[in-house]
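# Sequence first, predicted model second:
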Amino acid sequence: MVNLKKATAIMLSATMVLALAACGKNDGGNTNNGGTTPASNNGSNSGNSDSGKSALYQENTTKIECGTWYEHYYTSAHSSIEDNPMLDDVENAQKQLDNMRAIEKKYNIQFYYQNITWDGVIESINTSIMAGSPEYAIYECDLQFGLNAVVSNYGTKLEDVLLNNDKVEEKYTKCLTPEGSPIVKVLALQPNNTYLFNANALNLGGYTLGYNHKLLNEAGQDDPYELYLADKWTWDKWNEEMRAVLSTDASGQTTTWGFRGPWTTLFDALLMSNGAHIAGTAKDESGKVTEQLTSKATTEVLEQLVKMYQEYKVSFWDSSCDDNWNDNVYAWASGNIGFWVGAAWIAQEADPDQNLYNDALNVNWPIGPSATKDTVAQTNNTKGTYYMIPANAKVDPALVFCVMYDFFNWYDDDLTLRDDDKWFREWLYCDQNYDVTLSMGDENKDYTMDLWDQVSFDPSYTVRGLIETGDGTEAITVAAFQQANKQLVQDYLDKVFN
């Protein structure tokens, strides 16, 4: 799958780091796994009194490096807030830089992010960890490959290194308790089996359904947000509106599309908006996690994809789309798209001058036939970015975790600073878009887990086969797709849970 990652360079919310491929550049220091060097009076480890030292304080300055695919600020590589070329909030940037200096003194460490590119992170995880000598002390992982890494025993189990460790304060272990931590969130697929963690923050990364208010109005259609508020925003109504804006020119070329956007996010949204799963994590009465690819709700999702791409032809996906992924993400900014996958970062990158301020609006995804507005989930918690401390790490995993905790907590427990969303509001044009996007990122209210895109790939397991529209492609029926892959899904779930 073409990756969807790139840095936005905004540090206020780690959950907003979503993207479209980045290229490599090291942030400083060498690319070893974070060994130790003799302490020196370089400014990072001045102040060697007992006051302020952690129980994890290192006698020799220890380098901790994180393998990632984009630039992060602020680390030991930075000496000024001006080092961030996208500096916006001077006051908070200074807090982050000061926090890094304090961390260096507290533990006698140097911390770096190393931009080794998206493919480089995957390669390093799959080769160096498997060989028993990880290149980095910690990795930033998109869950597209992060879940497979921990299932393959490439990660360090956090319970083993944090609990019953007299050098780790209680505040660092709260993320492993039922009440959780305001600073760090974890992804625990099974009890007492936690490998992945990230900064806990206001979730501003929800994917909405964007729509062109002007196009719909010209086509005589109702406003989707008003329909949503009236509990009348359904797949049937959405199909009607997508078809209404679809138009062609005299030569038969489509000039206005009903929908454009990455099919992966669309598929996620359809599953959630119909209460459906393929590789969900819920157990049946016997205690077994079973495939739901063949369930009624999932069948309806697959049929909706076929309607959109094959029957109504309100959108398209062919081989060229894989090589030009951004064209689908940002197509809406041309003004000839009725509906699209929306997000704060997509709006900012595609239309930074807000030329479409009056036309580009957001709405919650329409409700499918097997769901209701009150019960539908809107956030898949198995999406996004998490950190993994590799197995056999050369640096003490407890030290690495506590450094990351303090790095996340640059706001010193002041959640109002952490959740400052001024920039988020500015990216989203108006209150309606803000309210919709914020509501879709509410993990406490709208929560689901589906590992459909973590299933081991097989030639038959190609969801996009249902939406291929290019010349020479052969349509796959929903029934054939389900029959070919239900055992594949079950085998994956057995490996992970059963």
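Good, I have the coordinates.

# Show me where the stretch 201-350 of the chain has its helices.
For the stretch 201-350 of the chain, the helices defined by DSSP state H, counting those that start in this stretch cover 213-218, 224-229, 235-245, 263-273, 296-306, 319-323, 325-329, 344-350.

# Tell me which of those helices approaches Thr62 most closely.
helix 344-350 (34.2 Å; C-beta to C-beta). From N, CA and C alone the C-beta is placed, and that goes for glycine too.

# helices or strands next to the closest one in the packing?
Applying 3 or more C-beta pairs under 8 Å, 6 or more residues apart in numbering; DSSP states H and E, we find helix 344-350 packed against helix 422-427.

# tell me which residues in the helix it packs on are buried?
423-425, 427 (16 or more other C-beta atoms under 10 Å).

# name the helices or strands packed onto it?
helix 344-350, helix 431-440.

# mind checking which of those helices is nearest Met404?
helix 344-350 (23.1 Å).

# can I get the CA coordinates of the closest one in CSV?
Written as CSV, here are the backbone C-alpha positions of helix 344-350 (Å, rounded to 0.1, in the frame of the first residue of the first chain):
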residue,chain,number,x,y,z
ALA,A,344,-7.5,19.4,9.3
TRP,A,345,-4.1,18.6,7.7
ILE,A,346,-5.7,17.9,4.3
ALA,A,347,-7.5,21.2,4.4
GLN,A,348,-4.3,23.2,5.4
GLU,A,349,-2.0,21.5,2.8
ALA,A,350,-4.4,21.6,-0.1
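
# What is the neighbour count of Glu59?
When neighbours are counted by other C-beta atoms under 10 Å, Glu59 registers 9.

# So it sits against Ile109, correct?
No. Using C-beta atoms under 8 Å, Glu59 is not in contact with Ile109; the gap is 11.6 Å.

# in this protein, which residue is closest to the centre?
The C-alpha lying nearest the average C-alpha coordinate of the chain belongs to Gly384 (C-alpha atoms, centre = their mean; 2.0 Å).

# So Phe111 sits against Val403, correct?
Yes. Using C-beta under 8 Å, Phe111 is in contact with Val403, at 6.0 Å.

# Compare those two (neighbour count), which wins?
The neighbour comparison of Phe111 against Val403 (other C-beta under 10 Å) goes to Phe111, with 29 against 25.

# looking at this, the more buried one is in a strand?
Yes. Judged by DSSP: H, G, I helix; E, B strand; the rest coil, Phe111 forms part of a strand.

# Let me see the contact set for it.
63-66, 75-76, 100, 103-104, 403, 407 (C-beta atoms under 8 Å, 6 or more residues apart in numbering).

# From the residues you listed, pick the one nearest Ala282.
Of the contacts of Phe111, the one sitting nearest to Ala282 (C-beta to C-beta) turns out to be Cys66, at 33.3 Å.

# Ramachandran coordinates for that closest one?
Dihedral angles of Cys66 (phi, psi; degrees, to the nearest 10) stand at phi -110, psi 130.

# With Ser456 instead?
According to degrees, to the nearest 10, Ser456 has phi -50, psi 130.

# how deep is it tucked in, by neighbour count?
Neighbour tally, Ser456, other C-beta under 10 Å: 12.

# now the nearest residue to it once chain neighbours are set aside, what's its secondary structure?
Counting by C-beta to C-beta, 6 or more residues apart in numbering, Ser456 lies nearest to Tyr492, which is 5.9 Å off, once chain neighbours are set aside. For Tyr492, the secondary structure call by three-state DSSP comes out as helix.

# Please apply the same query to Lys105.
Classified using three-state DSSP, Lys105 is helix.

# so it touches Gly52, yeah?
Yes. If you go by C-beta under 8 Å, Lys105 and Gly52 touch, sitting 6.5 Å apart.

# From Ser80, how far out is Ala276?
Shown here: Ala276 relative to Ser80, a distance of 50 Å by C-beta to C-beta, to the nearest Å.

# how about stretch 166-180: buried residues?
168, 172-176.

# want to throw those into TSV with distance to Lys157?
As requested, these are exported to TSV (distance: C-beta to C-beta, whole Å):
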residue	distance to Lys157
Val168	14
Tyr172	15
Thr173	13
Lys174	17
Cys175	14
Leu176	10
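
# Asn200: which of the contacts of Phe111 is nearest?
Taking C-beta to C-beta as the measure, Asn200 lies nearest Phe407 of these, at 13.0 Å.

# Any stretches of the stretch 251-400 of the chain with poor pLDDT?
378, 381 (pLDDT under 70).

# Using PDB, list the CA coordinates for stretch 418-435.
Below are the C-alpha coordinates for stretch 418-435, written out as PDB (Å, rounded to 0.1, in the frame of the first residue of the first chain):
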ATOM      1  CA  ARG A 418      -1.200  20.600  25.400                       C
ATOM      2  CA  ASP A 419      -4.700  20.900  24.000                       C
ATOM      3  CA  ASP A 420      -4.400  24.400  22.600                       C
ATOM      4  CA  ASP A 421      -6.200  24.100  19.300                       C
ATOM      5  CA  LYS A 422      -5.900  27.600  17.900                       C
ATOM      6  CA  TRP A 423      -4.000  26.300  14.800                       C
ATOM      7  CA  PHE A 424      -6.500  23.500  14.400                       C
ATOM      8  CA  ARG A 425      -9.400  26.000  14.200                       C
ATOM      9  CA  GLU A 426      -7.600  28.100  11.700                       C
ATOM     10  CA  TRP A 427      -7.000  25.100   9.400                       C
ATOM     11  CA  LEU A 428     -10.700  24.100   9.400                       C
ATOM     12  CA  TYR A 429     -12.300  27.300   8.100                       C
ATOM     13  CA  CYS A 430     -15.400  27.500  10.400                       C
ATOM     14  CA  ASP A 431     -17.100  26.300  13.500                       C
ATOM     15  CA  GLN A 432     -19.000  23.500  11.800                       C
ATOM     16  CA  ASN A 433     -15.900  21.900  10.400                       C
ATOM     17  CA  TYR A 434     -14.200  22.300  13.800                       C
ATOM     18  CA  ASP A 435     -17.100  20.700  15.700                       C
END
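
# how about low-confidence regions in the stretch 51-200 of the chain?
51, 190-191.

# so where do the strands sit in this protein?
25-26, 36-37, 61-68, 109-115, 138-142, 184-190, 193-199, 208-212, 247-248, 254-260, 337-342, 360-363, 385-388 (DSSP state E).

# can I get the ones you listed in TSV with distance to Leu227?
Shown next, in TSV, are those (distance: least, C-beta to C-beta, whole Å):
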stretch	distance to Leu227
strand 25-26	47
strand 36-37	61
strand 61-68	41
strand 109-115	44
strand 138-142	34
strand 184-190	34
strand 193-199	35
strand 208-212	11
strand 247-248	22
strand 254-260	16
strand 337-342	13
strand 360-363	8
strand 385-388	33
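
# Next up, the contacts around Asn364.
Contacts of Asn364 by C-beta under 8 Å, 6+ apart are 208-209, 228, 233, 378, 436, 439-440.

# For the buried ones among those residues, write the corresponding ChimeraX selection.
Listed next is the ChimeraX selection for buried residues among the contacts of Asn364, using 16+ other C-beta under 10 Å:
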select :208,209,228,233,378,436,440
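
# Same list, the contacts of Asn364, but as JSON lines with distance to Phe267 please.
Shown next, in JSON lines, are those (distance: C-beta to C-beta, whole Å):
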{"residue": "Thr208", "distance to Phe267": "15"}
{"residue": "Leu209", "distance to Phe267": "13"}
{"residue": "Tyr228", "distance to Phe267": "21"}
{"residue": "Trp233", "distance to Phe267": "19"}
{"residue": "Gln378", "distance to Phe267": "14"}
{"residue": "Val436", "distance to Phe267": "20"}
{"residue": "Ser439", "distance to Phe267": "21"}
{"residue": "Met440", "distance to Phe267": "16"}
